[in-house]
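Participant: Here is my input; please provide its structure:
(one chain, ligands or ions: 1)
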Amino acid sequence: MQDKNKIIILAELDGKLVGSCEITRDNYDVSRHVGTLGIGISKGYRGIGIGTKLIKQTLSEAKKLGIKLVKLYVFDSNNVGKSIYEEFGFTETGRIPKGIHHNKKYKDDIIMVKRL
Ligand SMILES: CC(C)(COP(=O)(O)OP(=O)(O)OC[C@H]1O[C@@H](n2cnc3c(N)ncnc32)[C@H](O)[C@@H]1OP(=O)(O)O)[C@@H](O)C(=O)NCCC(=O)NCCS
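Facilitator: Predicted coordinates:
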């Protein structure tokens, strides 16, 4: 699914929706070249390559739409997420100390970016 401001790619397995990845273009005139990526794979379907495929395809579609910079946010404790993003060339550019409250603990929220 896509329009000029958003791409959403869904993953279906055995007739079930098991994951999605999206990139949404910024609304402001000064940052229309920037998109924000979000992804989630259902429990039980992680670690079998779905996330990698979805990110690859979503980045490729974003590039076609003229998005030049993709940013994302990831919990500091999410080592699987961080390593996947690094493999795609995302690098940490910022960190919001204690920006996340999850499972009764404060965690840093990491900002990563990649140029397309
Ligand atoms: C992070 C997430 C999107 C990754 O998607 P995925 O489909 O599980 O990832 P893949 O199967 O494509 O694996 C990608 C890499 O991570 C590794 N990986 C995946 N799950 C792993 C696990 N539980 N432990 C260690 N490594 C793991 C894979 O081995 C692979 O590495 P490789 O390319 O070197 O072999 C998914 O696990 C998820 O939705 N997690 C919970 C929500 C979340 O973290 N969302 C992102 C928030 S920013």
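
Participant: the longest helix in this structure is where?
Facilitator: Secondary structure of the chain per DSSP state H: the longest helix is helix 50-64.

Participant: got the buried residues for that helix?
Facilitator: Ile50, Gly51, Leu54, Ile55, Thr58, Leu59, Glu61, Ala62 (16 or more other Cβ atoms under 10 Å). All C-beta atoms are positioned from the backbone trio N, CA, C, and that covers glycine.

Participant: do the same with stretch 66-78
Facilitator: Here stretch 66-78 shows Ile67, Val70, Lys71, Leu72, Tyr73, Val74, Asp76 as buried, counting by 16+ other Cβ under 10 Å.

Participant: now swap in stretch 102-115 and tell me
Facilitator: Lys107, Asp109, Ile110, Met112, Val113, Lys114.

Participant: Surely the second one and Glu92 touch.
Facilitator: No - the pair Asp109 / Glu92 is not scored as a contact, 11.1 Å apart, by Cβ atoms under 8 Å.

Participant: Local confidence estimate at whichever residue of the chain sits closest to the ligand?
Facilitator: Taking Cβ to the nearest ligand atom, the ligand has its nearest neighbour within the chain at Gly51, 2.1 Å off. Per-residue pLDDT puts Gly51 at 97.

Participant: wait, doesn't it sit right on Ser42?
Facilitator: No - with contact defined as Cβ under 8 Å, Gly51 does not reach Ser42; the gap is 10.9 Å.

Participant: quick check, distance from stretch 27-46 to the centre of its chain.
Facilitator: 4 Å (Cα atoms, centre = their mean, to the nearest Å).

Participant: Could you report the pLDDT at the closest residue to Phe88 other than its chain neighbours?
Facilitator: Closest residue to Phe88 apart from its sequence neighbours, by Cβ to Cβ, 6 or more residues apart in numbering: Ile55 at 5.9 Å. Here the pLDDT value assigned to Ile55 is 98.
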